[in-house]
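[1] test case, fold it:
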Amino acid sequence: MNWNSHKPCPYEDCGSNDAFSYNTDSMSGKCHSCERTYPRSKGAKFDWAEDEYPTWWGTGNNEETPQVKHETQIKPVPTEVLTPVHRAHRDISKDTMQFFNCKTFVNSKGEPVKQEYIYPSGGVKTRFFPKQFAARDLKSDELFGMDLWNSGTSKTVTITEGELDAMSAYQMLHNPKYPNPVVSLPSSTPSRKLWTNVNDWLIKLRQDHPVS
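    Presented below is the predicted three-dimensional model:
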């Protein structure tokens, strides 16, 4: 089968730029970010979807059954069931992964396929190994891990650029008696809105630990 991977998702509410795979033989595909198949899943599609990813359904009609061309039937898109686990990765321990609720999705051979980083509001950034990224419902005004630390935790906080960096720093600085909050930015170019929204959190984090 001929697959074109790391393509933009055709569904409007997904927003992924590189998580969609399209098969030119079956004329169908799947997004590994929103987990929907194309073209059968429900959801509004972009105007360019039919041109970019032709289907057996034909163009510009609402027929309930697919149009068969040259007596070729629609071929099913193979989907692999992935298992989410908390597992050590890049010297980051399983316990640290579990603390940040970072799950690695492995295939039937136990090989890592993707990793999910869950943000405070439920948005998810997904890394497809080795280094392709997609996002779902991700807000640009919050920090990864900020929901793990209570008010008055510490007078200092470490902010990293990436989620794995945050987990590495947390593991390196971890002290059960004196917690060291570690969070990361949602992107390498944080907006002014981000700092405005997290300012209250930073103040509350330090309120019982004034800087001397």
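[2] what packs against the helix or strand bottoming out on mean pLDDT in the chain?
    Using mean pLDDT, DSSP states H and E, helix 49-52 stands out as the lowest-scoring helix or strand of the chain, at a mean of 82. In terms of contacts (3 or more CB pairs under 8 Å, 6 or more residues apart in numbering; DSSP states H and E), helix 49-52 is packed against no helix or strand at all. Bear in mind the C-beta positions are built from the backbone N, C-alpha and C, glycine included.
[3] can you give me the buried ones in that helix?
    49-50 (16 or more other CB atoms under 10 Å).
[4] right, and the helix or strand after it?
    Following helix 49-52 in sequence order, the next helix or strand is strand 83-85 (DSSP states H and E).
[5] okay, helices next: where are they in the protein?
    49-52, 94-99, 163-173, 192-206 (DSSP state H).
[6] as a markdown table, the ones you listed with distance to residue 142 would be great.
    Shown next, in a markdown table, are the helices of the chain (distance: least, CB to CB, whole Å):
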| stretch | distance to residue 142 |
| --- | --- |
| helix 49-52 | 31 |
| helix 94-99 | 18 |
| helix 163-173 | 13 |
| helix 192-206 | 7 |
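[7] comparing those helices, which comes out most buried?
    helix 163-173 (a mean of 19; mean count of other CB atoms under 10 Å).
[8] helices or strands next to that one in the packing?
    Checked by 3+ CB pairs under 8 Å, 6+ apart, helix 163-173 has helix 94-99, strand 158-160, strand 182-184 packed alongside it.
[9] and the second one, which strands flank it?
    Note on strand 158-160: by DSSP bridges, its sheet partners are strand 182-184 (parallel).
[10] ok now the partner strand, how far from the chain's centre?
    Centroid separation for strand 182-184 versus its chain: 17 Å, with CA atoms, centre = their mean, to the nearest Å.
[11] hmm, back to that, nearest to residue 20, out of the helices and strands packed on helix 163-173?
    Across the helices and strands packed on helix 163-173, residue 20 has its closest neighbour in strand 182-184 (26.1 Å, CB to CB).
[12] could you give the mean pLDDT of that closest one?
    Averaged across strand 182-184, pLDDT comes to 94.
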